[in-house]
Each structure stands twice: as C-alpha cells, then as structure tokens.
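S.K.: Okay, here's the prediction I keep looking at, along with the sequence it came from:
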Amino acid sequence: MNSTSLPRQSLLLVFLFLLTLSVPSYAISLPRLSSSSSHNGRSYFHRLLDLPFAWASKGSRDNPNQWLDAHPNLLKGLRRYEDEVVIRFNVSTEAHEAALRKAIDQMLLDVWDFADNYTDIRLEARRIRPLMGILPSSLQDNHFILIPDLARAVAATYPSNGPARSIIQSHSNDRGITPANDIPSPEKRGVDDIFFHDYQPLSVIYTWMKLLDSMFRGRGLVRMISIGKSYEGRDIAALKIGIPTSDTSKRGPGGPKNTILITGGIHAREWISTSTVNYVAWSFIRTIDEDPMIVKILEHLDIVFIPVLNPDGYKYSWEVDRLWRKNRQRTKMQYCPGFDLDHAFGYQWDATDHQTEPCSESYGGDQAFQAIEAAQLADWARNETQNGVNFVAYLDLHSYSQQILYPYAYSCIDHPPNIENLKEVAMNLAKHMRLSNGEVYTTATACEGAVASNMQEGRVRDKGRVRVEAGGGSAIDYIFHEFGARYSYQIKLRDTGSYGFLLPREYIIPTGEELYQAMKYFGDYLLGNNGHESWDHSAPIKVDTKQTDLTPEEDGVVELRRRRRRKCIDCI
C-alpha cells in the first residue's frame, strides 16, 4: 500500500515518536496543522513533511543568539577567529606553488581552497607579516583579503531569526557570486521546504532521515541504513532510494540494481555539501509521482545518499569549532586530533608524499585507512559488491570553488582509461548546473594543484612537482579503481571565495537545485549505452579514441551525442 494513503493518525504518531529521539535545546513547541485536506494549495501530506523542518527552525528564529547561548564552548571557539582573516594568493607559477606549500607546512596554515590560479589561506592577522617574510616578492605583491572579519562570518552561519545578510564587502567585482542582499529569502521564492531554510545540526538531520524512512519504507522507495560507526560510535547514516522492481532487465549482472553513491560531509566544516546531499535526496522523493524521468532513473538505479560521512567532526563544528575540518580520532600527537578523510583512502596512498604532521589540516594518517570513517565506507562498499551490488557512479560533494573534478587525484601523469568519457560527463554536469541558476562550474582533473600544469611532449610534468596538498588517498580515486565506479567525481559546490565554507543559508536551496538538475541529466546518461556498457565490471571500458578534449563551445556536439545514447533507454 502506498505510504501516503496511511491514516493521518498513524503518520502523526510516527512523526511524534521520531521527534522524541532528537529534540534540540531550542525547540519550544510543535506547530499545529488544521484538519483540512489542503492549505494554500498544498496537500496535508506535504504540510506534514514540513512539520519537523518548521519545528527545527522555529525556536532558533525567536532569538538569533539562542544556539550560541546554548553552547558555551562554541562561544569560546568563536573568540579564536576574532583576529583571523582569509587571504587569496594569485598563483601563476609552479615555483609560487612550491613556495606556498613550504610556508603552509612550516607555519601549519589552514588551506581553504586552491584552484588553477589561486590559493586561499586562513591565518591570524598578526601572522601575515611573518608569512610574507618567507614568500618570494612576486607572491607578496599578488594577494588580497577575501574575508576580513572571520568571527562575524562564522557566527552568521548558525541558526538565526532571519536570513543572513552580507557579512563582508567584496574587494573585487569578479568574485562570481550574487550578493546575499539581492537574493530573496526562501519564503519569498515560494519554496515550502522549510528544512532547507537553515543549516541543520546532526540530531535534526538524523531525525529527518528517520521520518522519511518511516513514511516511505512501506512503499519500498526509501530505506535508512547505516554504513558503519564513526570513531566516537555514531552511526554513519544513509538513505537508499529506488523503486522496487521484479524486472531482471533492470538489474545488474549480480542481481541487485546498479547503484550511484553520493557522499557529503567528509570535511566537517563544509556544511553546504551535507545540505545538498539531503536536498537532492528529498527532491528525488518528492517528485517520484510527478516526473517520469525520475521514475525511469529510480526503476533502473538505486541511489545511496550519505549526507554526513564524518558525523563526529560535523557535530563538533556545531558545538565547538565551526571551522573544524577533520574527524575526531586520536592521533599520535595528543593535542592534535583528527584525520583528513580525503587523504585516508588506500589507492595510491604514498607515505613519502603525504603530510606527516598531525596538526596539519590535511593529515591523513601514517598509513592508509587509519581514519575509521574512511575504512568503514570502504568495508561497506566491499560488502555491497560481494552481495552483487554494482557501483556505476560516485559523487563526493565538497565546497568550495564551483568545480567538477575527475580522477586521478594522485597523479597528473596517469590517466583513467575512460578519461574522455569522464571529461564529457563533467562538462555536461557543469552545463546543467549552469542552466539551473546561471552559476558557472569549471571542470578539471583532480590532480591539479594551485597551478595549471605545463605540458611537455604531450604529457604532464608531474614528477618532482610540489603541490599545495598531496593528491593520494582520495575517495574518488579509491571508489573508481577499487569498485569500478566508472564515473567518479568530486564536486566542489558554491561559492568561489566571497564566503568560502561560510556560505549563507540563502544559498542552500539554489545550490541543491543545481545538483538536482545535474543528477537528472546524469541518471539519464547512465541509462544510455555509454553509461550502461560499463556495468559489467569484468568488461573493458570502451573509450572513444577519436574524441578530443571538449571546450564549452562544443556543448552542442556533446548534447547530440547524449541524445543518440538516449535512444537505447527503452531497450535496457
């Protein structure tokens, strides 16, 4: 029986039970629903789903400081940022990149982001002069301050009584993001997903996931699972979404349907990655009865959404330190806990190239899979494949810089055998994200450091190069190589530097919508020949050797190829 047809009383009992599992300290009372079947054009069912979201947000909007007041350790943590800034260095040569890496390691600086022409670094204002003293003069003249008041920007991301407004004034006109004052609040846009009007703490996220599981499990659409335990013993929760089918033609070679894996929250402070995983999951669920393409995708594919791979770190970022990046596992140095999960996976993990200082933000351990959560994900995925599951794609969401990166991360010399297909899909993912809200996403190989590599005799000069961060041990390389997920991407979401990890809540829904539209294209693509042919992991990957590197101007050609592949959807 369709779960939406259950008696209202049963749904309310489920809802009330779930609320008792996790009640934030600022929750005051539950909103009441009228007994009418619709309200403002919205069904009783949709208003019921909004209940936990409104409840989670109500108390926080009564007092903008209530969350901070309830967490004294967080207030102490904010003080450390009172004299800190974020600086952007314009990096144009490999020598600049090497000099920055040396300074970062020497001063244990927090690298926020790096792309092919810049590196963003967080540090105390009083350390700016010492930093400049060890950098070449050419770098000293090529930097500017991105975020001058870090403490205010940090405080603004916690639940408040209204949409956050612009915290800083841009120091340049090409920062690539619309000022927050020019964006209407979600209510003014007519969006009824109240859960996404604010970032949500871990307890509320897990309650929301349990509610979806209870409401849709009877229909067979949603199942909440745990892929393992974190270092501190928390479940690493996931939502598995798909339409049950007895049609064997819609299953993989081993029996179960083919699977897309999506992770967020590998780095605790990247809250937009967690909210975006949740938004895309919710969008697939709520449109199942409205969009034939979603039905087609979920009939052929299961999608596993893991919004918080690093629950210990995420909780810590809410209660103690907003900018905490790593997990909370003990290291060999007592006062420097935490492993960087995205440098902890086993494929091409190189001890000679990895960061060996536990106090570094990019410390991945002294050996592969030393980080508990990385090992748990690998063990779960291996167990799934042994039970016949085929991982056909993997998306690892991060922030920031608006980039779509594909393997390999560990080297710019070695290339995946299906590199051209990876590039083509990356370009189309970027295209569909751009068509959603007009935001530009670039594509690149994940191996790139802060400087676009030079070419020599058709091959990238990678050996001996010093990069801002070592590239080995990444999740996208491991899932791609170990489990045959032929389309593996790290997607760095909004923005391009104005807010960095402190993206205001107004951008939660637009960012989620961008990825949702890209996922619709991606699922459609995987139902065509080029995606489906690699589901047999024993078969060689077919690569179009005639295809050359794509440019944005070639989008039309790529679209024609995609349409041709769609002709095979009905024959799967």
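M.R.: Here it is on my side, so go on.

S.K.: For the helix or strand containing residue 144, name the packing helices and strands.
M.R.: Using DSSP states H and E, residue 144 sits within strand 143-147. Counting contacts by 3 or more CB pairs under 8 Å, 6 or more residues apart in numbering; DSSP states H and E, strand 143-147 is packed against strand 84-90. C-beta here means a position set from N, CA and C on the backbone, and glycine is covered the same way.

S.K.: quick one: contacts of the strand it packs on?
M.R.: Contact partners of strand 84-90, identified using CB atoms under 8 Å, 6 or more residues apart in numbering, comprise 96, 100, 112, 117-125, 128, 139, 142-151, 497, 500.

S.K.: And the helix or strand that that strand is followed by, what's buried?
M.R.: Note on strand 84-90: by DSSP H and E, the next helix or strand toward the C-terminus is helix 94-107. Residues of helix 94-107 classed as buried by neighbour count (16 or more other CB atoms under 10 Å): 94, 96-101, 103-104.

S.K.: again, but for stretch 429-440
M.R.: Residues 429-434, 436, 439 are the ones in stretch 429-440 that count as buried (16+ other CB under 10 Å).

S.K.: Contact partners for residue 100?
M.R.: 89, 91, 119, 121, 135, 139, 450, 468 are the contacts of residue 100 under CB under 8 Å, 6+ apart.

S.K.: next one: residue 503
M.R.: 157, 271-272, 399-400, 494-495, 511.

S.K.: what do you get for residue 378?
M.R.: Shown in contact with residue 378 (CB under 8 Å, 6+ apart): 345-346, 369, 478, 482.

S.K.: for residue 256, same thing?
M.R.: Residue 256 makes contact with 302, 387-390, according to CB under 8 Å, 6+ apart.

S.K.: Now flag whichever of the residues you listed is closest to residue 336.
M.R.: residue 389 (37.2 Å; CB to CB).

S.K.: I'd like to know how many residues surround that closest one.
M.R.: Residue 389 has 21 neighbouring residues, counting by other CB atoms under 10 Å.

S.K.: Need the pLDDT of the closest residue to it other than its chain neighbours.
M.R.: Nearest residue to residue 389, sequence neighbours excluded (CB to CB, 6 or more residues apart in numbering): residue 256, at 4.9 Å. As predicted, residue 256 sits at a pLDDT of 77.

S.K.: One more: residue 355?
M.R.: Reported pLDDT for residue 355: 75.

S.K.: In this model residue 362 seems to touch it, though I could be wrong.
M.R.: Yes: counting by CB atoms under 8 Å, residue 355 touches residue 362, with 4.8 Å between them.

S.K.: Give the rounded mean pLDDT of stretch 120-137.
M.R.: Average pLDDT, stretch 120-137: 94.

S.K.: now swap in stretch 196-207 and tell me
M.R.: For stretch 196-207, mean pLDDT is 95.

S.K.: end to end, how far does it reach?
M.R.: Start and end residues of stretch 196-207 are separated by 14 Å (CA to CA, to the nearest Å).

S.K.: hey, where'd the strands end up in the stretch 251-400 of the chain?
M.R.: Taking DSSP state E, counting those that start in this stretch as the criterion, the stretch 251-400 of the chain carries its strands at 258-263, 301-306, 390-399.

S.K.: Quick one: closest of these to residue 225.
M.R.: strand 301-306 (7.8 Å).

S.K.: Can you tell me the closest non-neighbouring residue to residue 364?
M.R.: Spatial nearest neighbour of residue 364, excluding adjacent residues (CB to CB, 6+ apart): residue 343 at 2.9 Å.

S.K.: Pull out the buried residues from stretch 218-238.
M.R.: Going by neighbour count (16+ other CB under 10 Å), the buried part of stretch 218-238 is 219, 221-224, 227-228, 230-231, 234, 236-238.

S.K.: What ranges in the stretch 51-200 of the chain fall below the confidence cut-off?
M.R.: Applying pLDDT under 70 to the stretch 51-200 of the chain flags residues 51-65, 160-192.

S.K.: can you pull out the strands in it?
M.R.: Ranges of strands in the stretch 51-200 of the chain, per DSSP E, counting those that start in this stretch, are 84-90, 110-114, 118-124, 143-147.

S.K.: will you turn those into a markdown table that also has distance to residue 285?
M.R.: As requested, the strands of the stretch 51-200 of the chain are exported to a markdown table (distance: least, CB to CB, whole Å):
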| stretch | distance to residue 285 |
| --- | --- |
| strand 84-90 | 37 |
| strand 110-114 | 32 |
| strand 118-124 | 36 |
| strand 143-147 | 36 |
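
S.K.: For my notes, please list those strands in CSV and give distance to residue 408 and mean neighbour count for each entry.
M.R.: Compiled in CSV, these are given as follows (distance: least, CB to CB, whole Å; neighbours: other CB atoms under 10 Å):
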stretch, distance to residue 408, mean neighbour count
strand 84-90, 26, 21
strand 110-114, 17, 21
strand 118-124, 21, 21
strand 143-147, 29, 19
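
S.K.: Just the buried residues of the contacts of residue 256.
M.R.: Neighbour counting by 16+ other CB under 10 Å classes 302, 389-390 among those as buried.

S.K.: could you measure the closest residue to residue 522 other than its chain neighbours against residue 399, distance?
M.R.: Leaving aside its chain neighbours, residue 522 sits nearest to residue 429 (6.4 Å; criterion: CB to CB, 6+ apart). Separation of residue 429 from residue 399 (CB to CB, to the nearest Å) stands at 16 Å.

S.K.: Residue 505 touches residue 197, doesn't it?
M.R.: Yes: with contact defined as CB under 8 Å, residue 505 and residue 197 form a contacting pair (6.6 Å).

S.K.: Relative to residue 338, which of the strands of the stretch 251-400 of the chain is closest?
M.R.: Closest among the strands of the stretch 251-400 of the chain, using CB to CB: strand 390-399, at 16.9 Å.

S.K.: Many thanks, I have nothing further to ask.
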